[in-house]
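Engineer: Okay, here's the prediction I keep looking at, along with the sequence it came from:
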Amino acid sequence: MLAQDVPLAWYLLLSAALFSLGIVGFLIKRNLITVFMSIELMLNAVNLSFVTFAHQWHMVKGQIFVFFVMMVAAAEAAVGLAIIIAVFRARSTLAVDRIDLMKL
Amino acid sequence: MHLILFLIFAGLCLAGAINLLVQTHPINSALSLIVVMISLAVLYLMLGAEFLAAAQIIVYSGAVMVLFVFVVMLLNAGREERTLGSKAARRVGFPAVVAVMAVLATLILHIQGLGMTTLDPELIPTAELSRVLFHELLLPFEVTSVLLLIAILGAVALARVEGSTVDDAERTAK
Amino acid sequence: MSFIPDIFRILPEVILSVTGVVIMLIDASLPVRTTRRYLGFVAAIGTLFAIYASVWQLSLPEGTGFFGNVETTAFTVFFHVLICGIVLVALLLTLDTLPARTHHQGEFYALVVFGAVGMCLLTSAVELLVVFIALEISSISTYILAGYRKNTGRGPEAAIKYFLLGSFATAFLLYGIALIFGATGTTQIYEIAHLAPLAQSPVLVYAALAMMLVGILFKVSAAPFHIWTPDVYEGSSSPVVALLSTGPKVAAFAVLLRLVYEAFPGLHAFWSPLLWVVAVLSMTVGNLAALRQQNVKRMLAYSSIAHAGYLLAALAGPANVGIAAASFYAAAYAAMNIGIFAVITLVSGYDDRYALIDDFRGLIYRAPLLGSLLIFFLISLIGIPFTGGFFGKFYSFTSAVSGGAIALAIIGLLNSGVAAAYYLHLAVVAAQRPAAGESAAPRPQIGIAVGAALGLCFAATLVLGIVPNTTLHAAQSGAHTLQAPPVGNGSPAIVPTVEVEPQSNQ
Amino acid sequence: MNDVLLLPLIPLLPFIGFLLNGLLGRRLPKLLVSLIALAAPLASFVLVARAALLAWNGSTPLPVTESVAYGHHALDWISVGTLHVDFSLVLDQLSLVMLLVVTGVGFLIHLYSVGYMHDDPGYARYFSYLNLFLFFMTTLVLAGNVLLMFVGWEGVGLASYLLIGFWYQKTSAADAGKKAFIVNRVGDFGFLIGIFLLLGNFGTLNFRDIAQRFSPPTIHLFSPGAVITLSPVNSVPSAGILTVICLCLLVGATGKSAQLPLYVWLPDAMEGPTPVSALIHAATMVTAGVYMIARTHVLFDHAPIALTVVAIVGAATAFFAATMGLAQNDIKRVLAYSTISQLGYMFLACGVAAYSAAIFHLMTHAFFKALLFLAAGSVIHAMGGEQDMRKMGGLRTKLPVTFWTMTAAVFAISGFFPFAGFFSKDAILYAAFLQGTNGKILWFVGLVTALLTAIYMFRLWYMTFFGETRSHDVHPHEPPATMLVPLVILGILSVCGGWIGIERISDYLAPATGARAAAVAPAHLELLLSIVAVAVALLGWFIAHTFYHRKPERPARLAAAIPRVYSLVANKYYIDEIYNAIFVKPLLALSKYVLGWIVDVGILGGAAWLLGGTAVFSGAVLQRWQSGNLRSYAAWLALGAAALLIFALLHPLSFDFAVAIHRARH
Amino acid sequence: MNQFDSIILTLILLVPLAGAVLVAIFPDRGKPPNWIALITSLVTFAFTLHLPTHFISGQPAFQFEVNRAWIANPAIFYHVGVDGLSMWLVVLTGLLAPVGVLASWNVIQTRRKLFYSLFLVQQTAIVGVFISLDLMLYYGFWELSLVPMAILIAMYGRKDGPKAALKFFLFTFIPSAPLLVAILWIYSRTGTFDFTTLEVLLTHGTLPAGTMFWCALAFLFAFAVKVPVFPLHGWLSDTYAEAPVAMSMVVAGKMGLYSMLRFHVGLFPAQSRDIAPLMIALAVIGVLYGACLALVQRNFFRLLAFGAVSHFSLITLAIYGLTLMGWTGAVYQILLLGIVEGAMFVLLGALDSRYGTAEITAYGGMAARLPRTATYFVIAALTMIGLPLLGGFIGEFIILSTTFTQVSRGWAIAAAVSVILSASYVLWLVQRLFYGPEGALAAKPAPDLRFGELVALTPLVLLMFVMGVAPMLWLNSIQSGVHPPAEQTAAVTLNGSRGTSRWAELEESFLFPINSKCSLTQILRPLSNAKASNTTQPTPREAQR
């Protein structure tokens, strides 16, 4: 009754939307951790398009790429959170807008 | 069927993402991010990447997000304070985002020869995946170990408490 | 052709990784209180071996390894040697300047070495996946190093800014890779080079390149993606800045060259005007913003932005000339920049107690040798003849002019005139007689290792300024190994520069 | 080949004297200094005399050209492209007469100076300067080309600068020296332009070659200097050009010979030692202008307009200077103005093409004016440096020798028969009279001037030597012999110096200055004119007698009667002030305020500052970019990315291509 | 050409460098640096004297030439050589070096080591500028010469030294950016930096005229700032006022003027012909402007600066008259000014170092206290105002007369006014310093010229005399040097003499008409035609006769 299949473009559009939302998150979130989360969101968006293209080309490489991105994301998460902790220790705040000791 | 699934989970993704933005408490944001990831996992499955779907659940939702939540708890980060702001972010950033989105959308709509997904996609067997991973892409795989090693090193070096913390008064004075 | 074990293709990286692991093991096995300073020597020795190995790689026939993931060519060797040299000098620099009480000294050296692995791999990777991972390695290690001064508020701030913005840019890079994968179905540079022109939807290719450029230009801190640079440089300790203002930058430039000249030569009409604008922006923004800086490190941060611009000017030229000029400039820039940061490290101390320009007043009276070196490196940064900086600029703008971008050359050189203002201001201040009542900063002590570092930088800058032949020749032979775009997009005036062998004139 | 006259030695000997005294003078004993100083001019005088004799007995026919030579070929001074100048020296009748005067009078004044400057600390310096002057003066006279003459020309200016400012601690003296040099420079500027014009039109600077241009080309022979004529004109340039050239030269002459309008430096020049005034500012240097005109008479002869101008300048100067001389009280200044006016006579003579008369007057004037200065010098010497005539008086008995010699000089300058001045002045007036109606006017002016001359000279005479002594604190006494001998000799010369007569002189000078226009006048006319002249002189004497001897109070009354006129005259018509207000002050103001402040600091400096300012300002603006806020940074990054993406999308190759394919598909 | 001839220039180039290194490695206490510097500079001077003694006069080609590959690519050669144009400038540089050392003998008390080593490096750079025949090599030395200068001004200058140093550096460094671009462009089109090759290529070459125009302009701009020509002189007075005298005597003038003659007029005959009217106008303006400002300066170094502007502008006028004689006079005048300015700076520096002020008003009546200083100064002053039999007259006369007879009477007359002005400011300076009643400073006891200063000054003063009496010693070889550019200028003129007509208008605009039956322009009309025909072909042949 209804078309069974979905154009891949929709997936891509979805990933683009998620990516943009990630950027927006970076722009509007006031907490270091949430800002970092929005970066993760962007990475996920990219992953989605990878998978989509992998499906499009019937190529494993795309999926493996996603796999690597996940690993990198994990590593980044570890380091990033460590840095955030260090910042919190030094400045005892997580507010992005307060992290502006250095300017001009 | 497929279409419905897609719509549901795409909607979940977007909803989660938007929720991530509007929530002021980090915990809520984190949870909504988890929602996004899980629904992404479903979408992966629909695109015939079952291994990735699993990995997504395990690595992301399982490990990374837990880490996030853990840190949030550790630093018991409260609600965001909306006092200070950045004009540039609003005046420059949002137009930029809109532009990026618009450009991406247009070019996606102009991609030639994008196929369709069918409900019964020929799944790429994980064996095949692992063959490529450990044969052609062996080097990246090995190199990743260095990456993880660095991550560990850095995490240790940065997160561990150090001795005296000099107050920034006279630093900032300079 | 005889079979070559793939391991040889990544020998320097292997050596460096092993060194890093060894350092970690020793570090772990050493008792808590003992100094970790000697690990630095271990690291330095490892780097030396890496340099040797990469030079040795010249004896290998050029080609790829690991199923077309990495390659060894004159190009990669050039950058390997350059990066390892940078790391070596940076290590020597840290050996004396890193305070003994620094925690995690062992990890520090390990991180530097692992970072070196990333950078080296970055230059030799011909598979975007490897590029991505290598980029992450070098970035993450530098993120951490930037935040290493945890006790000050600025270290972590620099780290977090660098980290978040860096990941942000990386996301763009990644998206770009995704798009190119979508356009061509591959992420291997050579395949991209072949398939990109045949892509069904070229718009995808263009967008992909644009996205990737965002990531790369961020790493080379070119305007308008430079904005993180001053804060990070100010926040991190000077020896680290010496490293991260040169190492990752150079590696990123190598990637940039690879991308534009090897992967997307067909898009010359797209990226060359793009990079033209970026170059002009970087020079102008960097130099003008540096004019009013009081903090020396911030000033040099801006100046490094400007130098990125000078380097990008080289890409306005035809392929061979451009690549050679860019490579040479990278070398010259690295030499003088590390040198000057070494001086600054000694003068302003690990924790930047004396980082303001006024703190340099009368330096040449306080420490004649150091002062003279400072002035020398500044002169080289200005681009006065018979220093590396001059020939760097000279080749870069020669390439631009022979590419027909005369306006770019003029803008660039006028910029170097503006730059002269602040460089010279610092030099003049250093040459001034210190005011009577003023309590000048303490007299800096030059240790052996730092002395060696300074000596190396000085020698390198001078040699590049007086007998640039060998380096230039290396850069040119490297340039040949990158696939050049079909002739005709440059101006017909490529006549003189490249094809001449150094012996041809004697 | 006739025997060598050793012309180069004539200048060189004084130069050697200059070097010796200048370098070693401070260490040498005074006697030796005097010997060197005297030997130099004496030796060159002897050489000149010898040359004169050789020329007289015809063993060496004039003109003789000798050049500073190395081996056998003359040394070039400058030889660039088309410009060739050598050191050739020419001795002809004109230069011979001039040399006799210069070296002769020069020697006497040296002699006089030995006594006059005896106690001065700068004794050696003084004599070295004096010798230097002689060197340049003789060079000027002997020069065979214009440029070499210019050398002497500037050189004597230098010497006079040094000697006027000899007592440099006196600000007035230093100022006077500077003024003299700069005013002369104004003249030299004209001279220089004249030289350029000569070079451009004749292609050579040799007097002889220039002269040959005007003579028929049959006897046309090239001198080494003139092989190449750069300018295409091989004929005589047009009268217009000649006029311009002559006017330029005239500017130079007025500067050096203190004629209107450039005479202002000469009165101030009296700040120098009196013998200097006598030698440089009366006898020799100031006559250089006359000499130059006579030397280049060929040009003037072909430029009647210029000649007229010369005559007018001369007459005007003579008259004005004389009037100014009337009201001066400084004895030397009176003499200075009389010098100017006498020089005016000479110019007048040149202006009526009576060059020989001019030279004749030059000679006699050299005698009596030098004498007047020296006598005045001995008076001043006697009065202990007092120069104001109102404080003198009754010196007749105390300084007999001075008095009598002075008397001779006064009579000579006033033109009494048979004193020297009579003949020369008479010749000039006569020559002027013959020049048609204009000439009559000139003659009348000259006559009036003669009257005035007589008046102020006798005024000086009376005020100085007659009446009762007005200052009793000083005890005047005759100067030493070294000063008296020159007085006497010059006295004799100024009595009988004129007896040679104009005819002989002009006949002798004819080859050098051109034959004088034969006087087509009845014989009695000349006699008549001379009687008139003498009568005028007598009238002048009478007036002076009545005013300054019989009724000394009358001048004051007269002055009170016509205060305006008197103050005008007494203040020299305010010429100095006017020049100051017209030239000096505006120039300085312009330089300081307009050029210095507005242009240099304001506009140019401002422009540079503006450039730098904009750079720094834009730098400040760009710094604001670094707000330090992470989110703003991200925003900028996003913007950059958006820009790149848009560029990628809008790039013609990408989008249109895509569209094209799209169409192809459907 | 024997062996020594082939290395002599290299020696002249390297000996000071070696001396610099030697100074640098010696300890910095006592006088050793002074002595090493003095000996080095004297040795160098001795070497430079080898040039004129072995110079083959009347031969237009370059001599003592060395041409070795230096950098493979771009093909930069170590190509050095001198002709009559540059030889004497090299000798002059050699002569001024010991003078500079002696002048700063007692003035520089601290950090002698750095001072003298930089001083010697500076000398190398200047010599390099004069002898380089490879554009890049030349540019290298040109830039290099800025640095020691700037540092020395900053470190050893008077109180505002740093500011002046910055100003000097920026003023002279920024214009060299277009210069480099122009050089690069030429290289990208011709593939060579070699002067002798480019001379031919650019003169008869087929490069696009438009770009050539811009290149020529870039060259000219850089040189004009360095001279400095009228509107660009902003840096000079500050530099003179602040710099140590040893630097001031070499900073301005000769490098820029030489470069103009060799690299602007020499490489771009057509373009320089086109721009000549403008340059002539600027030069004359500069002559008068500088003289006027010199009149009203209070600081004698600044006075000297504006005087220098005036004199250098006169030389510029001669250069852009584009006549052989003018160039000869120009080079001669460059030499002489080098000597005179040197002497002036030594003397004024001596005053400044003794009494600690450069304010003219503070002085007065010094002649009694310092007779030697006064004597030397007066001689130098008289040379400066161009008194005959002193060197200054020759150059001035040649320049002015050539300009008058062959280029433009109007501008020549205007320029000749400087004869009056220069006399005014120089003599006024002399008077205010040395004559009149003793000023406040005269009371302060100070020694007259020391032995070293006398040793430095006497040769200069003697040279002033010799150059005034026997100029042919120099002029012959100089004339043989100015030929090459002349030939090309002539060649270009034959193609189409653009310049002359402009000159005609120019002087029409300048010559003042006299309201009488004979207006001056009418009078001089025949002359102007004659002049036109002269300017168009100053061929070497005609000049050699």
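Structural biologist: Cool, got the structure. No experiment lies behind these values; they were computed from the predicted model shown. Numbers count the residues shown, from 1 in each chain, chains lettered A, B, ... in the order given.

Engineer: Output the contacting helices and strands for the strand or helix carrying E:Pro162.
Structural biologist: Assessed by DSSP states H and E, E:Pro162 sits inside helix E:161-173. Applying 3 or more Cβ pairs under 8 Å, 6 or more residues apart in numbering or on different chains; DSSP states H and E, one finds that helix E:161-173 makes contact with helix C:406-431, helix E:146-156, helix E:209-226, helix E:234-242. All C-beta spots, glycine's among them, are computed from the backbone N, C-alpha and C.

Engineer: Now do the following helix or strand past it against helix E:209-226, angle only.
Structural biologist: Downstream of helix E:161-173, the first helix or strand assigned by DSSP H and E is helix E:176-190. Helix E:176-190 runs at 150 degrees relative to helix E:209-226, counting by axes from the mean of the first three to the mean of the last three Cα atoms, to 10 degrees.

Engineer: that older thread, pull out the buried positions in the helix holding E:Pro162.
Structural biologist: Neighbour counts over helix E:161-173 (16 or more other Cβ atoms under 10 Å in any protein chain shown) mark E:Gly161, E:Pro162, E:Ala164, E:Ala165, E:Leu166, E:Lys167, E:Phe168, E:Phe169, E:Leu170, E:Phe171, E:Thr172, E:Phe173 as buried.

Engineer: residues making contact with it?
Structural biologist: With contact meaning Cβ atoms under 8 Å, 6 or more residues apart in numbering or on different chains, helix E:161-173 is reached by C:382, C:417, C:420-421, C:424-425, C:428-429, C:431-432, D:608, D:612, E:143, E:146, E:149-151, E:153-155, E:157, E:225-226, E:232, E:234-235, E:238-239, E:241-243, E:251.

Engineer: quick one: the strands in chain C?
Structural biologist: Residue ranges of the strands in chain C, as given by DSSP state E, are C:63-65, C:70-72.

Engineer: try the stretch 1-150 of chain E
Structural biologist: In the stretch 1-150 of chain E, strands defined by DSSP state E, counting those that start in this stretch lie at E:63-71, E:76-82, listed in chain order.

Engineer: Next, format those strands as a markdown table and append mean neighbour count and mean pLDDT.
Structural biologist: Formatted as a markdown table, the strands of the stretch 1-150 of chain E follow (neighbours: other Cβ atoms under 10 Å in any protein chain shown; pLDDT from 0 to 100):
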| stretch | mean neighbour count | mean pLDDT |
| --- | --- | --- |
| strand E:63-71 | 18 | 87 |
| strand E:76-82 | 22 | 91 |
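
Engineer: Average the pLDDT values over the longest helix seen in chain A and round to the nearest integer.
Structural biologist: Determined from DSSP state H, the single longest helix within chain A is helix A:60-91. Helix A:60-91 shows a mean pLDDT of 91.

Engineer: Counting by contacts, list what that helix packs against.
Structural biologist: If you count contacts as 3+ Cβ pairs under 8 Å, 6+ apart, helix A:60-91 packs onto helix A:32-57, helix B:50-55, helix B:65-74, helix B:126-135, helix B:138-159, helix C:128-146, helix C:154-184.

Engineer: Chain C versus E:Ala164, what's the distance?
Structural biologist: From E:Ala164 across to chain C, the span is 10 Å (Cβ to the nearest Cβ, to the nearest Å).

Engineer: Leaving out the residues flanking it, which one is nearest to that residue?
Structural biologist: E:Glu242 (3.6 Å; Cβ to Cβ, 6 or more residues apart in numbering or on different chains).

Engineer: So what's the residue count around that neighbour?
Structural biologist: Other residues within reach of E:Glu242, judged by other Cβ atoms under 10 Å in any protein chain shown, total 25.

Engineer: show me what contacts it?
Structural biologist: Neighbouring residues of E:Glu242 by Cβ under 8 Å, 6+ apart: E:Ile153, E:Gly157, E:Arg158, E:Lys159, E:Asp160, E:Gly161, E:Lys163, E:Ala164, E:Ala165.

Engineer: And it, what's its pLDDT?
Structural biologist: pLDDT, E:Glu242: 90.

Engineer: Next: C:Leu129.
Structural biologist: At C:Leu129, pLDDT is 94.

Engineer: picking that back up, CSV for the contacts of E:Glu242, including pLDDT?
Structural biologist: Formatted as CSV, those follow (pLDDT from 0 to 100):
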residue, pLDDT
E:Ile153, 89
E:Gly157, 85
E:Arg158, 84
E:Lys159, 83
E:Asp160, 85
E:Gly161, 84
E:Lys163, 87
E:Ala164, 89
E:Ala165, 89
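
Engineer: Closest to B:Glu136 out of these?
Structural biologist: Using Cβ to Cβ, the shortest approach to B:Glu136 within the contacts of E:Glu242 belongs to E:Ala165, at 62.0 Å.
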